[in-house]
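[1] Here you go, sequence then predicted model.
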Amino acid sequence: MNRISQSIDNAVRSNHSRTIDIVNRGLKRRYRAERRFKIYGVAAIIISLGFLALLFVNIVGKGYTAFQQTEIKLDVFFDPAEFQDKLASDANYMAIVKDSMSRLFPDVSGRQDKRALYGLVSTGTVFQVRNILLEDRRLIGKTVPVWVPADDDVDMLVKGHMDRRLPEDQRRLKDQHLAWIDQLDADGRLRKALNHSFFTKGDSREPELAGIWGAMMGSFFALVVTLLLSFPIGVAAAVYLEEFAPKNRWTDIIEVNINNLAAVPSIVFGLLGLAVFINLFGLPRSAPLVGGLVLTLMTLPTIIIASRASLKSVPPSIREAALGVGASKNQMVFHHVLPLALPGMLTGTIIGMAQALGETAPLLMIGMVAFIVDIPGGFTDPSTVLPVQIYLWADSPERAFVERTSAAIMVLLAFLITMNALAVVLRRRFEKRW
Amino acid sequence: MLTINMNPLHLLIILLLLSSMGYYIGRKKAFAVAGGTKGLQQLHSRPVYYGALTAMWCGIPAIVVYAAWLAFEPSIITGIVLNGLPEEIRSLPDGRLNLLLNDIRNLVDGNIVSAASDPMIQQAAARYSQLKQISFTSLAIASVSLSLLALVFIRSRIVPKLRARNHVERIVRYLLIACSMIAIFTTIGIVLSVLYESIRFFRSVPVTEFLFGLEWSPQMAIRTDQVGSSGAFGALPVLAGTVMIALIAMSVAAPIGLMSAIYLSEYADRRIRAMVKPLMEILAGIPTVVYGFFAALTVAPFIRNTGDLLGFSVSSESAMAAGLVMGVMIIPFVSSLSDDVINAVPQALRDGALALGATRSETVRQIIIPAAFPGIVGSLLLAVSRAIGETMIVVMAAGLSANLTANPFQAVTTVTVQIVTLLVGDQEFDSPKTLAAFALGLLLFLVTLALNVVALVVVRKYREQYE
């Protein structure tokens, strides 16, 4: 505006110009400014969407290889000598595995070289071989071909995450290893197969044995608790505040309170959980039950706010009609208003659940960050959840955990996207315009 | 002794079954007193209400007893077991005592513990599990008999004149009120728990030192003769780090969020808007741990390498990486909140400006932004409170060392990072180290609360202006 008034001043000083001339003179500059402004807007959107794309490409690019696992084919010979005078479960399977490795590379000698050779397969191989025999004891004395998971370093090399052209002292695998791996590959004893253990196992220190199933079960139990508590409580609170509560100071306080709770940092809820649920009530640490309680308190504001909005959108004519034919106020609310508002409430709940599923910080406070190998089987078993598992793996130094972290993130995002899509579908399907 | 081999979940299911049984019994009784289907008109309420009333009386008191019992059982039993221990053990310092209790609990749960050989602990564990068994048995008896008593009592009260519907509706009303009170209780719980531990902390560390001290190194000595054992609890470097990261985040989020909100509400046509808005909201839905991973493994190395190329040193956990990624995370908050306030500006103002010959950008800059200014400020404040309270990004991408620096390429630490590092892992609950986390939590809560309240008030005032 200043510039415009300035140019008007100039124009007045130079007498004869008409207003339109002044406007026309400034027009080019103003249009340029207009275009620039518009470009800023487009740029802002492109930057944020570009970041989104970058994030997805980055995660998927790092993680998609984790769904495959390099396996090595061993010819395991269950030497009868190993099974003499002892229970089948006590046999020295380590020796059996080592023996089958040595037979693949008979010319390897010397302690160090042998140890390096045995390191090619995962430490979990021993248990796998043991389970094979325990399932069928007639295998004693026979040779069985078994695909066993390779060590994470081998896995990284095969997947191309390790550069074999680096000088030897900068690689985790030495030239010797590379020669063995090449020979295995040439013999057809190396393959990439679907990574079963990633979807069926709990956490492990060995990347090739680590899986997300334990964390997923933990998330599942925690979310069940959250859903069972937060949906009924949230809906009930919303119904009271929207339909029954008198408009007075007290309900004002509750309302402000709920809005504020929605904006309290999630870690503060973790502090609350630690102080109240664990220290005061003595509930077990690391339990999905406590995690679910904390997440309930966290998601309640979201659900209450969404449910109130949903109740608000039911037109008053429904209420008046119900009351008009003699329904009591409770009957009006529960028989007529609530069913109409329910889809909106469900949408809010699903979004709240998606938030809870992705939440990490408060769960760190209540000890769900422990290293837990076992798959949790109930609400009080120690467990971790999917986002916390991601956090734990992201901290691990092994290169192989990077791809597993990314893969776990992909699984988590897949769940979140499904939930949000469900919410959108629900809203589209049942949304009514009155 | 009577032993019942079931767990609390089974008992809860039994109580719920009893309650639903109550429903059928109550309803049946209602039919009976009415004298079959024909006499239903004599009843005050429909039979389902008699059933519901019975079910409520049958279930609610018993479940309340059940919940209260389970909530307070562990602490009471622990107290009893502790009192049973010899005097010299009870006078141990709290930390040792807690370890001992943990051993006992582990033994009860059947886990392997280091002190399993100690007969005294074995004895205590036996006592613990015995008490637990007794407690559970009495809980089962108490809650089931309470439920049955209520069932019999209410059943005997069912007569045609009983105003069952009114009773049920009143109970429902109370339940609804109780549910809406949970939000209040949560706030009170947060304040009390954080405040209580903070007060304990401020007994050993003065408030002034905490707020104005320039050194943060929350190590406490395990032995008194340890080197560097005196903890320093000056929160200023931590606060400075928090503010710096929040500033970086806001300098990313504020312009981008604002410009995209303006573009979407003033320029974009409906199709683009319908496509871009949900995409932007995906950014808000991505879990923060994912951003943290991205910041730590992609952005931070990128910034460090760029810094190396340009010839200045960047710490591997720089404030810049965490701040930038956090900024991207809060773009959608800024943009959707400002979108709302921009849309609330009356169309007449726009039309007036355009009619006078202003271009769109002039309208935005000189009419809409001034008109929406309070609302925009409110949404920025909310975004700042988000940035301050954000945890995972900074835990994964910012550092642990509390440097008091203005250089965004150095490692700094934040309030939330410190809370996490102080509280994750085994801790004892009386060292200033652990309590310091609660003091930081109190600070965090108060600051974000203040920001939120101011923002909500500003936005509300602004809304009223145009309604």
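    In hand now; what should we look at?

[2] Contact partners for the residue of the stretch 251-400 of chain A found nearest chain B?
    Closest to chain B within the stretch 251-400 of chain A is A:Pro265: 2.4 Å, counting by CB to the nearest CB. Just so you know, the C-beta spots here come from the backbone N, C-alpha and C atoms, and that holds for glycine as well. Contacts were defined as CB atoms under 8 Å, 6 or more residues apart in numbering or on different chains; by that measure A:Pro265 touches A:361, B:385, B:388-391, B:416, B:444-445, B:448.

[3] Tell me both backbone torsions, phi and psi, for it.
    A:Pro265 adopts backbone torsions of phi -60, psi 140, taken as degrees, to the nearest 10.

[4] Report the buried members of the contacts of A:Pro265.
    Applying 16 or more other CB atoms under 10 Å in any protein chain shown to these, the neighbour count classes A:361, B:385, B:388-391, B:416, B:444-445, B:448 as buried.

[5] Quick one, grab the pLDDT at A:Ile4.
    Per-residue pLDDT puts A:Ile4 at 64.

[6] ok, back up a step: tell me the one of the buried ones among the contacts of A:Pro265 nearest B:Ala355?
    B:Ser385 (39.4 Å; CB to CB).

[7] which one is that closest one nearest to, not counting chain neighbours?
    Spatially, and ignoring its direct neighbours in sequence, B:Ser385 is nearest to B:Leu451 (3.9 Å; CB to CB, 6 or more residues apart in numbering or on different chains).

[8] Tell me, how many residues neighbour the one you found?
    B:Leu451 has 21 neighbours, counted by other CB atoms under 10 Å in any protein chain shown.

[9] isn't there a strand covering it?
    No. B:Leu451: not assigned to a strand; according to DSSP: H, G, I helix; E, B strand; the rest coil it is helix.

[10] out of the buried ones among the contacts of A:Pro265, who's nearest B:Val65?
    Distance to B:Val65 across those (CB to CB) is lowest for B:Phe445, with 33.4 Å.

[11] Excluding chain neighbours, what is closest to that closest one?
    A:Val268 (5.2 Å).

[12] go on, A:Arg103?
    Distances taken as CB to CB, 6+ apart place A:Asp75 nearest to A:Arg103, at 7.0 Å, with adjacent residues excluded.

[13] How is the chain partitioned into domains?
    I'll assume chain A. According to automatic domain parsing, chain A comprises the domains A:2-64, A:68-199, A:213-430.

[14] Not quite, go with chain B.
    The record's domain parsing of chain B by automatic domain parsing lists B:8-162, B:232-466.

[15] What residues of the lengthiest strand in chain A count as buried?
    Secondary structure of chain A read by DSSP state E shows that its longest strand is strand A:68-77. Buried residues in strand A:68-77, counting neighbours by 16+ other CB under 10 Å, are found at A:68-74, A:76-77.

[16] burial measure for residue 331, as a count.
    All of this refers to chain A. Neighbours of A:Gln331 using other CB under 10 Å come to 15.

[17] hmm, I had chain B in mind actually
    29.

[18] Make sure it is actually in contact with B:Gly257.
    Yes. With contacts counted by CB atoms under 8 Å, B:Ile331 reaches B:Gly257, the gap being 4.6 Å.

[19] The contacts of A:Pro265 in strands, which ones?
    Reading strands off the contacts of A:Pro265, I find no matches (DSSP E).

[20] related to what we said a few turns ago, what about the domains of chain A, which gets the closest to B:Lys277?
    Of all those, domain A:2-64 comes closest under CB to CB, at 10.0 Å.

[21] so does the closest one get close to chain B?
    Yes. For domain A:2-64, a contact with chain B is found by CB under 8 Å from any CB of the partner chain, at A:23, A:30-31, A:33-34, A:36-38, A:40-45, A:47-49, A:51-52, A:55, A:58-59, A:62.

[22] Would you list the buried entries among these?
    Looks like those have A:30, A:33-34, A:37-38, A:40-41, A:43-45, A:47-49, A:51-52, A:55, A:58-59, A:62 buried, using 16+ other CB under 10 Å.

[23] rewinding a little: most tightly packed of the domains of chain A?
    domain A:213-430 (a mean of 20; mean count of other CB atoms under 10 Å in any protein chain shown).

[24] now the end-to-end length of it.
    End-to-end distance of domain A:213-430 (CA to CA, to the nearest Å): 34 Å.

[25] ok, so of the buried residues of strand A:68-77, who is nearest A:Ala215?
    For the buried residues of strand A:68-77, the closest approach to A:Ala215 (CB to CB) belongs to A:Gln69, at 18.1 Å.

[26] Report the contact partners of the closest one.
    Contacts for A:Gln69 (CB under 8 Å, 6+ apart) come out as A:149-150, A:155, A:192-198, A:208.

[27] Would you mind measuring from A:Met101 to A:Leu190?
    According to CB to CB, to the nearest Å, A:Met101 stands 14 Å off from A:Leu190.

[28] Repeat that for B:Arg203.
    64 Å.

[29] do the same with B:Tyr466
    From B:Tyr466 to A:Leu190 the distance is 69 Å (CB to CB).

[30] what does A:Ala309 give?
    Distance, A:Ala309 to A:Leu190, using CB to CB: 58 Å.

[31] shouldn't A:Arg427 be in contact with A:Met345?
    No. Using CB under 8 Å, A:Arg427 makes no contact with A:Met345, being 11.2 Å away.

[32] Now find how far off-centre the longest helix seen in chain B is within its chain.
    Among the segments of chain B that qualify as a helix by DSSP state H, the longest is helix B:164-204. Mean-position distance between helix B:164-204 and its chain equals 14 Å (CA atoms, centre = their mean, to the nearest Å).
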